[in-house]
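Q: I would like to see how this sequence folds:
(one chain, ligands or ions: 2)
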Amino acid sequence: MNKPTDGFSAEIDSAKTTHLTEAVKTIAFSRSAAACGVADASLFGDAPLGFRPDDILKGARAVVVVGLRTPRSVILEAAPTVYTRAVFHLDRVLDDIAYRMALFLEDKEYRAVPIPGRGLNMAAISDELRGDLSLKHAAALAGLGEIAYNSLLLSPEFGNALALSAVITDASLSPDPPFTPGLCDNCGRCAEACPIKAILGPANVDKERCRNYYRMYVDIYKESAGLYFCRECRKTCLARGR
Ligand code: SF4
Ligand code: SF4
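A: Ligands and ions are numbered 1, 2, ... in the order given. As a prediction, the model looks like this:
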C-alpha cells in the first residue's frame, strides 16, 4: 500500500502538469491561436523513422500543436498573391508562438524544439516533400481534427482553414484525446476541383505534381517571389461547409 505521502506527491505532480499545460496553451491563445492541443509523443509510431518526435528531441514526451485560422474570405475570394502572402504571414505568427512556447518551457528547465509552419529541413536532406514532423498528423493526435480526402487537416470548428506549427518537449503535459474521424464524407469534390488531378485517393496527393503546379507561375506572381499557392481543393471543401 502506498504511503499517504506518495498519493500526496502524485496529486502535486498532476496539478503541476495541469498547470503547465494550461500555461503553455495560454501562450498560444493569447496570441490569437484558434486552437491548441497536446499530443502524447508516444503515439507517433506510424510516422516514418526519422520523422518522429523522439528523432527530433530525444526523450520527447509531448507535442503541443498550435492552429491559426486563415480568414475564410482569403481562402474563398482573395487574389492568389493575397492568399499566398496570408500563408506566409500565418507562418511567421505560428513560428513566433512556437518559439515563445519553447523559451517558456526552457525557462522552466525543460527541453523544447519549435517546429515551424514550413519546416522542411529533413525534407531537404532526404529529398522528400515532407516536414520534419507531420503537423497534420500531430494535430489529429492532439485532437484538433482529422486528415481529409484532400490530405488537409479538417477541423470541426474551422474546416480546413487552420495553419499549424508545433513544439516538441520533454515536459510532462496533459495530452488531449486524438480526434475521432467522421467529418470528411469522401464526396470527392476536392479531387474533381484539382486542375491537375493530383489528388489520387483518400489522403493521397501527388505532392510533387502539386508543388510543380504552383511553381509554374514564377514569372507571373513576382509580388510573392513567384509563389502562387494553389488552393482549389481547399476552397471547394470549405465552400461546402466542411
Ligand atoms: S471536398 Fe469532400 S472529399 Fe474532399 S475533403 Fe471535403 S468532404 Fe472530404
Ligand atoms: S493545391 Fe491545387 S494542385 Fe495541389 S492538390 Fe490541391 S487543387 Fe491540386
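Q: So which residues of this structure form strands?
A: Under the criterion DSSP state E, strands of the chain are mapped to 35-40, 62-69, 112-115, 146-147, 153-154, 162-169, 199-201, 204-205.
Q: pretty sure Cys230 contacts Ala198?
A: No: in this structure, Cys230 is not within contact of Ala198 by Cβ atoms under 8 Å, at 9.1 Å. In this view, the C-beta of every residue, glycine as well, is placed from N, C-alpha and C.
Q: Mutual contacts of those two, please.
A: Shared contacts of Cys230 and Ala198, defined by Cβ atoms under 8 Å, 6 or more residues apart in numbering, comprise 210, 213.
Q: Quick check: which of the strands of the chain is nearest to Leu105?
A: Among these, strand 112-115 comes nearest to Leu105, with 3.9 Å by Cβ to Cβ.
Q: Which strands or helices does the closest one pack on?
A: helix 80-107, strand 162-169 (3 or more Cβ pairs under 8 Å, 6 or more residues apart in numbering; DSSP states H and E).
Q: How about the last one and ligand 1, any contact?
A: Right, strand 162-169. No: against ligand 1, strand 162-169 shows no contacts by Cβ under 6 Å from any ligand atom, the least distance being 13.8 Å.
Q: Give me the buried positions along that strand.
A: 162-169 (16 or more other Cβ atoms under 10 Å).
Q: How confident is the prediction for Val218, by pLDDT?
A: Looking at Val218, its pLDDT reads 56.
Q: ok, back up a step: let me have the helices and strands packed on strand 112-115 in a markdown table, extended by distance to Lys25.
A: Output for the helices and strands packed on strand 112-115, formatted as a markdown table (distance: least, Cβ to Cβ, whole Å):
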| stretch | distance to Lys25 |
| --- | --- |
| helix 80-107 | 9 |
| strand 162-169 | 11 |
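Q: Need the winner for burial among those.
A: A comparison of these by mean neighbour count, using mean count of other Cβ atoms under 10 Å, puts strand 162-169 on top with a mean of 27.
Q: between it and helix 80-107, what angle do the directions make?
A: Orientation of strand 162-169 against helix 80-107 (axes from the mean of the first three to the mean of the last three Cα atoms, to 10 degrees) gives an angle of 20 degrees.
Q: Give the other helices and strands that strand 162-169 contacts.
A: Judged by 3+ Cβ pairs under 8 Å, 6+ apart, strand 162-169 is in contact with strand 62-69, helix 80-107, strand 112-115, helix 135-141.
Q: before we move on, the earlier item: with distance to ligand 2 and mean pLDDT as extra columns, can I get the strands of the chain in a markdown table?
A: A markdown table is the format used below for the strands of the chain (distance: least, Cβ to the nearest ligand atom, whole Å; pLDDT from 0 to 100):
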| stretch | distance to ligand 2 | mean pLDDT |
| --- | --- | --- |
| strand 35-40 | 22 | 98 |
| strand 62-69 | 19 | 98 |
| strand 112-115 | 22 | 96 |
| strand 146-147 | 14 | 96 |
| strand 153-154 | 14 | 96 |
| strand 162-169 | 14 | 97 |
| strand 199-201 | 5 | 95 |
| strand 204-205 | 5 | 92 |
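Q: Any idea which of the ones you listed gets closest to Gly241?
A: Using Cβ to Cβ, the strands of the chain put strand 153-154 closest to Gly241, at 11.5 Å.
Q: Parallel or antiparallel, which strands does that closest one pair with?
A: Here strand 153-154 has these sheet partners by DSSP bridges: strand 146-147 (antiparallel).
Q: wait, does the strand it pairs with make contact with ligand 1?
A: No: Strand 146-147 is not in contact with ligand 1 by Cβ under 6 Å from any ligand atom; minimum separation 9.4 Å.
Q: Can you list the neighbours in contact with that strand?
A: Around strand 146-147, the neighbours that count as contacts under Cβ under 8 Å, 6+ apart are 136-137, 140, 153-154, 179-184, 203.
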